[in-house]
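S.K.: pasted the sequence and its predicted model underneath.
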Amino acid sequence: MGSEKEIIRIEDLNKTFHTKDADVTALDQVNLAIREGEIFGIIGLSGAGKSTLVRCMNLLEKPTRGHVYFDGKDLGGLSAKELNEERHSIGMIFQSFNLLMQRTALQNICFPLELTGTPKAKARERARELLQIVSLEDKENAYPAQLSGGQKQRVAIARALATNPKVLLCDEATSALDPNTTRAILALLKDINRKLGVTIVVITHEMSVIEEICGRVAIIDQSHIVEMGKVEDIFVKPQSRIARQLLFPGGRKEFKFGKDGRFLRIVFDGMSSYEPVISGMVLECGYPVNIMFADTRDIDGKAMGQIILALPDDERAVHRMYAYLNTHKVRFEEVKEL
C-alpha cells in the first residue's frame, strides 16, 4: 500500500534545546517526506535525534526553525485549537505503553474519545471494535497490571487508533518486548496498515525492525539525516558509515586481514541465494577466501543475504573474483571498513 501523495513533509527543521550550561542541537537541517499509506522507518543510534524528530511531527516538540506540514497544512502556523484538531489525526504509541493503570483495557481505549466529546455508548462500541482488531476482545475488563507487555502494547495501539488517525507514530514501540512478541506486534502494525490504510512511522535503533516492516527508511546520525531510500536499496548498497554499522547485528564489526584491510561485500537476493556463488568463484579463480561474516534476513517479505570476504593481497586474484561475480550478475562492493 502507498501513494505518491505526501502526508508529512519536513523542511529545514532545526531543534535546539537551551540548557543552563550550553545549547544542544538535537536536529539540524532535517528534510524528509513521508507518503500517504506507507510504512516509513527512522533509525539511528541512541542520542541521534530520532525521538525528538518524531515528537516534532505532531509538535509535541516545537521546532526552533523550519516547517512541519501535515496533510498539506503547516502545523506551526495553526492556532492551539486547530493544532489540537489536527493531532486527532496523528496517533502515537510509545516504548513504555503509557496506559492508565486504574482503567481497564476498554476504558483506556475510550479515553481519547472522551476527550473529543464522543458519547459514552458510541465510544465503548468503537473501543470494542478496536479490541477485535488487536485480538484482545476477551481482555476488555482487564487492567494493565493483568496484561503482558505485548498485550499492553496492543491496547496502546487500539487507543492510538480510536480517533481514526491518518498517521500512527511508533516511538521505539517494540524496544521493551521480547523477539517473539516484537514480531507479533510488527505483524499487527503491518496488518493495520494494509487493512485501514493508516500511514505508519516507525522510530527504532534496530535494523531488524526496519527490515521486517518498512518500505523506506531515513537514517539519522548526529542530528542529521545522512541517508534515505528504499530499505532494500540501502541494504544492497549502503552509502554512509552509520548505515553499514546498523546492517550488522550486534553493531560494528572490526576485521583485519591483509595489508590494506580490504573486504568484499556480496549481496544475495532471489535466485542468487540458491546458487553456489562462493564455491564457484573459489574453484574458477583458484584462490581461497576467508569468510569474515554472513547472515540472511527477511526484508518486506523478500529473502536477502550478505557475506563479507577478506580480499587477498594478490591484485590479480581480486580482479578475477570481480570478473566472475560480474559475469554471474551478483551484486557486490569493496569496502574498507564495516
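M.R.: That came through fine.

S.K.: going by C-alpha atoms from here, please, whenever you check contacts or count neighbours.
M.R.: OK.

S.K.: all helices for this protein, in order.
M.R.: With DSSP state H, the ranges of helices along the chain come out as 50-56, 80-87, 105-115, 120-133, 149-161, 179-196, 207-213, 231-236, 241-247, 277-285, 315-327.

S.K.: out of those, nearest to residue 265?
M.R.: Distance to residue 265, taken as C-alpha to C-alpha, is lowest for helix 231-236 among the helices of the chain, at 9.3 Å.

S.K.: pLDDT weak spots in this structure?
M.R.: Along the chain, the model assigns pLDDT under 70 to residues 1-3, 248-261, 270-275, 298, 300-303, 336-338.

S.K.: highest mean neighbour count out of the helices of the chain?
M.R.: Sort the helices of the chain by mean neighbour count, taking mean count of other C-alpha atoms under 10 Å, and helix 149-161 sits at the top with a mean of 25.

S.K.: which residues sit against that one?
M.R.: Helix 149-161 has contacts (C-alpha atoms under 8 Å, 6 or more residues apart in numbering) with 91-93, 97-99, 105, 108-112, 127, 130-131, 133-134, 136, 144, 168, 173, 176-177, 181-182, 185.

S.K.: next: stretch 212-230.
M.R.: Counting by C-alpha under 8 Å, 6+ apart, 25-31, 38-45, 47-50, 186-187, 190, 202, 210, 231-232, 234, 239-240, 242-243, 298-301 sit against stretch 212-230.

S.K.: buried among those? Make that a ChimeraX selection.
M.R.: Buried residues within these, by 16 or more other C-alpha atoms under 10 Å, are selected in ChimeraX with:
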select :26,27,28,30,31,38,39,40,41,42,43,44,45,48,49,50,186,190,202,210,231,232,234,242,243,299,300
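
S.K.: of the contacts of stretch 212-230, which belong to strands?
M.R.: Residues of the contacts of stretch 212-230 located in strands (DSSP state E): 25-31, 39-43, 202, 298-299.

S.K.: between which two of these is the distance greatest?
M.R.: Every pair of the ones in strands among the contacts of stretch 212-230 checked by C-alpha to C-alpha; the farthest is 25 and 298, at 35.3 Å.

S.K.: list the residues that contact residue 209.
M.R.: Shown in contact with residue 209 (C-alpha under 8 Å, 6+ apart): residue 186.

S.K.: go again using 10 Å as the cut-off
M.R.: Shown in contact with residue 209 (C-alpha atoms under 10 Å, 6 or more residues apart in numbering): 41, 43, 172, 174-175, 182-183, 186, 202-203, 299.

S.K.: and if you look at residue 315?
M.R.: Counted by C-alpha under 10 Å, 6+ apart, residue 315 has contacts residue 321.

S.K.: at 8 Å instead, please
M.R.: So residue 315 contacts nothing (C-alpha under 8 Å, 6+ apart).

S.K.: cool, and residue 318?
M.R.: Taking C-alpha under 8 Å, 6+ apart, one finds 311-312 in contact with residue 318.

S.K.: center of this protein, which residue is that?
M.R.: In the chain, the centroid-proximal residue (C-alpha atoms, centre = their mean) is residue 41; its distance is 3.0 Å.

S.K.: hang on, that residue packs against residue 202?
M.R.: Yes - under the criterion of C-alpha atoms under 8 Å, residue 41 makes contact with residue 202 at 4.6 Å.

S.K.: any residues in contact with both of those two?
M.R.: Common neighbours of residue 41 and residue 202 (C-alpha under 8 Å, 6+ apart) are 210, 214.

S.K.: out of the helices of the chain, nearest to residue 306?
M.R.: Of the helices of the chain, nearest to residue 306 by C-alpha to C-alpha is helix 231-236, at 8.5 Å.

S.K.: so which elements touch that closest one?
M.R.: Using 3 or more C-alpha pairs under 8 Å, 6 or more residues apart in numbering; DSSP states H and E, no helix or strand is in contact with helix 231-236.

S.K.: got a list of contacts for it?
M.R.: Taking contacts as C-alpha under 8 Å, 6+ apart, the residues outside helix 231-236 that touch it are 210-211, 214-217, 228, 243, 247, 267, 299, 331.

S.K.: among those residues, which one sits closest to residue 284?
M.R.: Distances from residue 284 to the contacts of helix 231-236, taken by C-alpha to C-alpha, are shortest for residue 331, at 18.0 Å.

S.K.: so what's the closest one bridging to?
M.R.: Judged by DSSP bridges, the bridge partners of residue 331 are residue 267.

S.K.: tell me how far the residue lying farthest from the centre of the chain lies from residue 278.
M.R.: Computed with C-alpha atoms, centre = their mean, the residue of the chain farthest from its C-alpha average is residue 286, at 42.2 Å. As judged by C-alpha to C-alpha, to the nearest Å, residue 286 and residue 278 stand 12 Å apart.
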